[in-house]
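>>> Provided below are the primary sequence and the corresponding predicted coordinates.
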Amino acid sequence: MKESKLFSGRRIPLEMHKPKIVQKLSLVPTSRRLEAIREAGFNSFLLKNDDVFLDLLTDSGVNAMSDRQQAAMMVADDSYAGSRTFTRLESTCRELFGMKHFLPAHQGRACENVIAQTLVKPGMVVVTNYHFTTTKAHIVRNGGTIEELPIAEALKTTSDHPFKGNMDLHRLQAFIDERGSENIAFVRMEAGTNLIGGQPFSLENLDGVRRICDAHGILLILDASLLADNLHFIKQREGQCQDLSIRQITRKICDLVHLLYFSGRKLGCARGGGLCTNRDDLYQAMRELIPLYEGFLTYGGMSVREMEAMAVGLEETMDEEMINQAPEFIAYMVTELEKLGIPVVTPPGGLGCHINAREFVDHIPQEEYPAGALAAALYIVSGIRGMERGTLSQERDAAGNECLADLELVRLALPRRVYTLSHVQYAIDRIAWLYQHRQLIGGLIFVDEPKTLRFFLGRLDALSDWPERLGKKFESDLRAI
Ligand code: F0G
């Protein structure tokens, strides 16, 4: 957008919306934040919202709805079977994704359950550009394993590669030759690859993956939860797509996959989820599981109001002026932090700004969860809630050993249409203070560790009184301003 350039030569991210309803925030004092993080077992998932100033935990289910979405919710047609609302959502998906079948589900991981139960048999492997926590858990529960084949650049935190979410096509070919296509349940491409920092894949790469899948008769499945940002990056960064509309790019992507699923908590700024395919056999096989786990075929665990909001939200995702909003805010935050010498994932991706905790607190070993410790420290000095995406988010192996993560990241997600530039500037300022005092941050240890998805409910303790010492230094510096 030309208008976002200032005459000074700088560029500011512009919101192409205005808030019509607001919610009051509270910023509790440092002393309360110290208590709150202890009460939460140093796990940002367990903090209560009353203790949180900026909730950058996730963009899942917390993106702001538009006036048009709210209005649509008023005309929702409430019925168990055959509701008009479902037909509207189904036709929106058919039109946007070019797929004739749509199955509703209550959220993204519910789609993963249906897919894994249908396609993953014990001993089979799912090949992916990178795993996502819930996806992997469902595949493993059904007796399968995950093989990640990203390009080498994906795991370099700083890079100028425009498509770090790409799959390594040579490794994919070699892996199929080695394992045999009959042992591969499907290939999964995740748009806006979450755990490596919201990094996109290119249309060209997806096309290459599909060619290899076709040559071996393997299914290609798209996790489209973070498709919106990926679409924006394809349009921005992939030469051959610059003159295509967001809608056209969407169709090109969808034409390359056999099935797609999404979390409606992300794609469509509502809640819920869905699966889409043109394949009658897949539709028939998966349809069976929807009434069993989700609800009748015309609601799948969603309320009709959510379905109305999702139909409008999916349409709005295609808006050429709106789609760049989150990526532009994220790029601003990443660039400003980079200027201050703070280690962040580059190039800026979608979903949020990702701090490289491995470098930020390089004195904390991975076994002491540096990203979890950094997320807790940031909360103490700012009231900002981020999310650990590192070893804490991994599961132990069968023998009980830690599986050290490739990357130790603190994710600061930017929910769409929620926070303002002054919020982002506050975050940058507090992160900068924390970076100067990073030696005060110490490690964490589990005191209550669930076996599955331990990052959600696990409780930890600090390995010393570092939180109190950090809080004290922060308070005295704050008083001196
Ligand atoms: N796939 C991706 C890429 C996701 O990011 C998520 C959720 C899911 C699937 C599961 O969808 O939450 O609707 O069940 N990501 C959230 C996050 C939880 O905070 O990144 P869900």
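Looks like it came in fine.
>>> which bits of the chain sit near the ligand?
Residues of the chain lying close to the ligand by C-beta under 6 Å from any ligand atom are 58, 60, 107-109, 132, 134, 190, 194, 223, 225-226, 263, 265, 273. Placement of C-beta: from N, CA and C, glycine included.
>>> Looking at these, which is nearest Glu388?
Nearest to Glu388 out of those is Thr58 (C-beta to C-beta; 12.0 Å).
>>> Of the residues of the chain next to the ligand, which is the most crowded?
Gly273 (30 neighbours; other C-beta atoms under 10 Å).
>>> Mind giving me the packing neighbours of the longest strand anywhere in the chain?
Of all the segments of type strand in the chain, defined by DSSP state E, the longest one is strand 184-190. Using 3 or more C-beta pairs under 8 Å, 6 or more residues apart in numbering; DSSP states H and E, the elements in contact with strand 184-190 are helix 108-119, strand 125-128, helix 133-141, helix 203-216, strand 220-223.
>>> Met124: what's it in contact with?
Met124 makes contacts with Gly143, Gly144, Thr145, Asn183, Ile184, Ala185, as judged by C-beta atoms under 8 Å, 6 or more residues apart in numbering.
>>> go again using 10 Å as the cut-off
Ile139, Asn142, Gly143, Gly144, Thr145, Arg179, Glu182, Asn183, Ile184, Ala185, Phe186 (C-beta atoms under 10 Å, 6 or more residues apart in numbering).
>>> So which of these is the closest to the ligand?
Lowest distance from the ligand to the contacts of Met124 (C-beta to the nearest ligand atom) belongs to Ile139, with 12.3 Å.
>>> Pretty sure that closest one sits against Val120.
Yes: here Ile139 reaches Val120: they are 5.4 Å apart, a contact under C-beta atoms under 10 Å.
>>> what do these two both touch?
Val126, Thr145, Ala185, Phe186.
>>> Excluding residues flanking it in the chain, which one is nearest Pro162?
Arg237 (4.0 Å; C-beta to C-beta, 6 or more residues apart in numbering).
>>> what do you get for Gly442?
In space, Gly442 is closest to Trp466, 3.5 Å off (C-beta to C-beta, 6+ apart).
>>> Just want to check the distance between that neighbour and Glu238.
45 Å (C-beta to C-beta, to the nearest Å).
>>> what's the answer for Leu155, then?
Taken as C-beta to C-beta, the span from Leu155 to Glu238 is 22 Å.
>>> The two: which has the busier surroundings?
Glu238 (19 against 14).
>>> just the strands in this protein please.
54-55, 101-105, 125-128, 145-148, 184-190, 220-223, 259-263, 273-277, 352-356, 384-385, 387-389, 409-413, 444-448, 459-462.
>>> can those strands go into a markdown table with extra columns for mean pLDDT?
Output for the strands of the chain, formatted as a markdown table (pLDDT from 0 to 100):
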| stretch | mean pLDDT |
| --- | --- |
| strand 54-55 | 98 |
| strand 101-105 | 98 |
| strand 125-128 | 98 |
| strand 145-148 | 98 |
| strand 184-190 | 98 |
| strand 220-223 | 98 |
| strand 259-263 | 98 |
| strand 273-277 | 98 |
| strand 352-356 | 98 |
| strand 384-385 | 98 |
| strand 387-389 | 97 |
| strand 409-413 | 98 |
| strand 444-448 | 98 |
| strand 459-462 | 98 |
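>>> Output the ones you listed as TSV; include the columns distance to Gly82.
Listed next are the strands of the chain as TSV, based on distance: least, C-beta to C-beta, whole Å:
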stretch	distance to Gly82
strand 54-55	38
strand 101-105	13
strand 125-128	35
strand 145-148	38
strand 184-190	32
strand 220-223	29
strand 259-263	23
strand 273-277	17
strand 352-356	39
strand 384-385	41
strand 387-389	40
strand 409-413	37
strand 444-448	46
strand 459-462	46
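>>> Tell me which of those strands lies nearest to Ile431.
Of those, nearest to Ile431 by C-beta to C-beta is strand 352-356, at 7.0 Å.
>>> Spatially, which residue comes closest to the closest residue to the ligand within the stretch 1-150 of the chain, not counting chain neighbours?
Using C-beta to the nearest ligand atom, the single residue of the stretch 1-150 of the chain nearest to the ligand is Gly108, 2.3 Å away. In space, and not counting its chain neighbours, Gly108 is closest to Ser263: 2.8 Å by C-beta to C-beta, 6+ apart.
>>> Just confirm the one you found contacts Leu226, I think it does.
Yes: assessed by C-beta under 10 Å, Ser263 is found in contact with Leu226 at 8.6 Å.
>>> which residues are common contacts for those two?
With C-beta under 10 Å, 6+ apart, Ser263 and Leu226 have common neighbours Phe132.
>>> Nearest the geometric middle of this structure, what residue?
Centroid check for the chain by C-alpha atoms, centre = their mean gives Asn194 as the closest residue, at 4.3 Å.
>>> what separates that residue from Pro200, distance-wise?
11 Å.
>>> Now do the shared contacts for the two.
Gly165, Leu226, Gly349, Gly350.
>>> how many neighbours does the residue lying closest to Leu227 once chain neighbours are set aside have?
Excluding its sequence neighbours, the residue lying closest to Leu227 (C-beta to C-beta, 6+ apart) is Ala191, at 4.4 Å. Other residues near Ala191 number 28, with proximity taken as other C-beta under 10 Å.
>>> so what's Thr335 up against?
Arg11, Val344, Thr346, Pro347, Pro348, Cys353.
>>> Which members of those residues are the farthest-apart pair?
Arg11 and Val344 (18.0 Å).
>>> Neighbour count for the two, which is higher?
For Arg11 versus Val344, neighbours defined as other C-beta under 10 Å are more numerous around Val344 (25 against 14).
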